[in-house]
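**Q** one predicted model, sequence on top.
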Amino acid sequence: MSVRAGREFLAIPGPTTVPDEVLRAMHRPAVEIYSGPLLALTEGLMRDVARVFNTRGHAYIYSANGHGAWEAALTNVLSRGDRVLALESGRFAVSWGEHARRMGVEVEVLKGDMRRAVRPAEVEARLRADRKSPGGSTIKAVLVVQIDTASGVVNDIAAIGQAIRAAGHDALLMVDAVASLGCMPFDMDDWGVDVAMSGSQKGLMTPPGLSFVAANDRAREAHRTAGLRTPYWDWTEREAKEHYKKYAGTPPEHLLYGLRQALDLLFEEGLPNVFRRHQLLAEAVRRAVGVWAEGQVIGFNVIEPAERCDTVTPVLANGHDPDALRAYCDDKCGVVLGHGIGELSGKAFRIAHMGHVNAPMILGTLSVIEMALGALRIPHGRGGAQAAINWLGDQVPA
């Protein structure tokens, strides 16, 4: 027996729920790729992608997922034999560094903790030491994620940028904003970020298949001598006058139409309101998990409350089977939770609260999880969903 009939709730950290308006925007015939309307669409999207990154720099749109944008960012500013510093706070900055290693870049990992954010003081100390090394600085770039979806950590990018400047180091700051862009502030120029990248399938509420890179003047200067440049990713190629070169070939028309609608939805809501919505819903999830943790089995992965992100909450099952809980939520109730990845594989489940998400979706998801905890006899504090309701009721007045 199940109570699954009805619309499925997708609570995984990407791809996220695509708004019906975005799906409708994509449901149209293809157009001629050299036509005026498509040129205007591209011009507006380039401008507005830069707007979401909060930069006066240049934005590029790729027919690729986030891993493609990783490669685009690396190849445009680095050369074989360059050295980068990857800041560990989960899985993804290290994975980005592994991409660089496979392309001939030397990668150093600043060891971190799957349960803690990057410590800016440690970044500053490492870069000061690099400046004093024989022959001078060797680190060309610093790789970091704003939010790591494996660990649920949010890193203070502004403080990391300040640490690089305090060290007097000229390394490029390169930031993965895949799990944060469109969900929380990203102030590329003010924070001193040189290269930023993201993807379409999370906070930007568009199906997978588009990715984005933004670059400032320092990055574009490094691009001039980058030895890893290849035709598909190359910024110079994509800045040519011919429209098809903006995409290194045929534009991904229908994804672009979807992105246009998604950005319009974000701007209509207002980015500050979007960010506040994410804060409120994330805290509602945390209130619920905090109550469940009173049973001494369920727990947060991220130790420090201030380092828990507003887009995904990994929840430790501490000896119980998280996949059994996920299966119950899906098979019995139609709620799809994320599984633990990396070091949390088989140890945690993840509740996503990013993108096209509202209070009924979050409260329904939390209620189903609490239902599953009871059905599976997993010890937990009772009333987590009610705690979330109480929090939102206090924060969203009549």
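**A** All right, it came through fine.
**Q** please report phi then psi for residue 171.
**A** phi -60, psi 140 (degrees, to the nearest 10).
**Q** what sits against residue 380?
**A** 292-295, 297-298, 370, 373-374 (CB atoms under 8 Å, 6 or more residues apart in numbering). In this view, the C-beta of every residue, glycine as well, is placed from N, C-alpha and C.
**Q** now do 10 Å
**A** 289, 291-298, 320, 369-370, 373-374 (CB atoms under 10 Å, 6 or more residues apart in numbering).
**Q** distance of the nearest residue to residue 72 once chain neighbours are set aside from residue 71?
**A** Spatially, and ignoring its direct neighbours in sequence, residue 72 is nearest to residue 233 (4.1 Å; CB to CB, 6 or more residues apart in numbering). Per CB to CB, to the nearest Å, residue 233 is found 6 Å from residue 71.
**Q** what is in contact with the two at once?
**A** Contacts common to residue 233 and residue 71, judged by CB under 10 Å, 6+ apart, are 62, 64, 213.
**Q** tell me the SS of the first one?
**A** On the three-state scheme (DSSP: H, G, I helix; E, B strand; the rest coil), residue 62 is labelled strand.
**Q** show me what it is bridged to.
**A** Residue 62 forms beta bridges with residue 211, as assigned by DSSP bridges.
**Q** let me know the pLDDT of it.
**A** Per-residue pLDDT puts residue 62 at 98.
**Q** state the number of residues packed around it.
**A** When neighbours are counted by other CB atoms under 10 Å, residue 62 registers 24.
**Q** go on, the second one?
**A** Here the number of neighbours of residue 64 (other CB under 10 Å) works out to 22.
**Q** was I right about it contacting residue 210?
**A** Yes. Residue 64 is within contact range of residue 210, at 7.6 Å (criterion: CB atoms under 10 Å).
**Q** give the intersection of the neighbour lists for the two.
**A** 199-200, 252.
**Q** nearest to residue 334 among those?
**A** Relative to residue 334, the closest of the shared contacts of residue 64 and residue 210 is residue 200; by CB to CB it sits at 25.0 Å.
**Q** ok, the closest one touching residue 261?
**A** No. Contact between residue 200 and residue 261 fails when scored by CB under 10 Å: they sit 11.9 Å apart.
**Q** next, show the common contact partners of these two.
**A** 18, 206.
**Q** which of those two has more neighbours?
**A** Neighbours were counted for residue 200 and for residue 261 using other CB under 10 Å; residue 200 has more, 31 against 21.
**Q** which residues does the more buried one contact?
**A** Neighbours of residue 200 in contact, by CB under 10 Å, 6+ apart: 14-15, 18, 61-62, 64-66, 178, 181-182, 206-212, 252, 255-256, 258-259, 262.
**Q** I'd like the distance between it and residue 338.
**A** 18 Å.
**Q** cool, residue 188 as well?
**A** Shown here: residue 188 relative to residue 338, a distance of 27 Å by CB to CB.
**Q** may I have stretch 264-271 as CSV, with CA atoms only?
**A** The C-alpha coordinates for stretch 264-271 follow below in CSV (Å, rounded to 0.1, in the frame of the first residue of the first chain):
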residue,chain,number,x,y,z
ASP,A,264,12.5,36.5,-15.8
LEU,A,265,10.8,34.6,-12.9
LEU,A,266,13.8,35.4,-10.7
PHE,A,267,13.8,39.1,-11.6
GLU,A,268,10.0,39.3,-11.2
GLU,A,269,10.2,37.9,-7.7
GLY,A,270,13.3,40.1,-7.0
LEU,A,271,16.6,38.5,-6.1
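**Q** and the strands in the stretch 1-150 of the chain?
**A** 9-11, 58-63, 83-87, 106-110, 139-145, 147-148 (DSSP state E, counting those that start in this stretch).
**Q** compare those and give me the one nearest residue 116.
**A** strand 147-148 (10.8 Å).
**Q** what helices or strands is the closest one leaning on?
**A** Strand 147-148 sits against helix 92-102, strand 153-154, strand 312-316, with contacts defined as 3 or more CB pairs under 10 Å, 6 or more residues apart in numbering; DSSP states H and E.
**Q** coming back round to it: want to throw the strands of the stretch 1-150 of the chain into JSON lines with distance to residue 312?
**A** As requested, the strands of the stretch 1-150 of the chain are exported to JSON lines (distance: least, CB to CB, whole Å):
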{"stretch": "strand 9-11", "distance to residue 312": "9"}
{"stretch": "strand 58-63", "distance to residue 312": "24"}
{"stretch": "strand 83-87", "distance to residue 312": "19"}
{"stretch": "strand 106-110", "distance to residue 312": "23"}
{"stretch": "strand 139-145", "distance to residue 312": "12"}
{"stretch": "strand 147-148", "distance to residue 312": "7"}
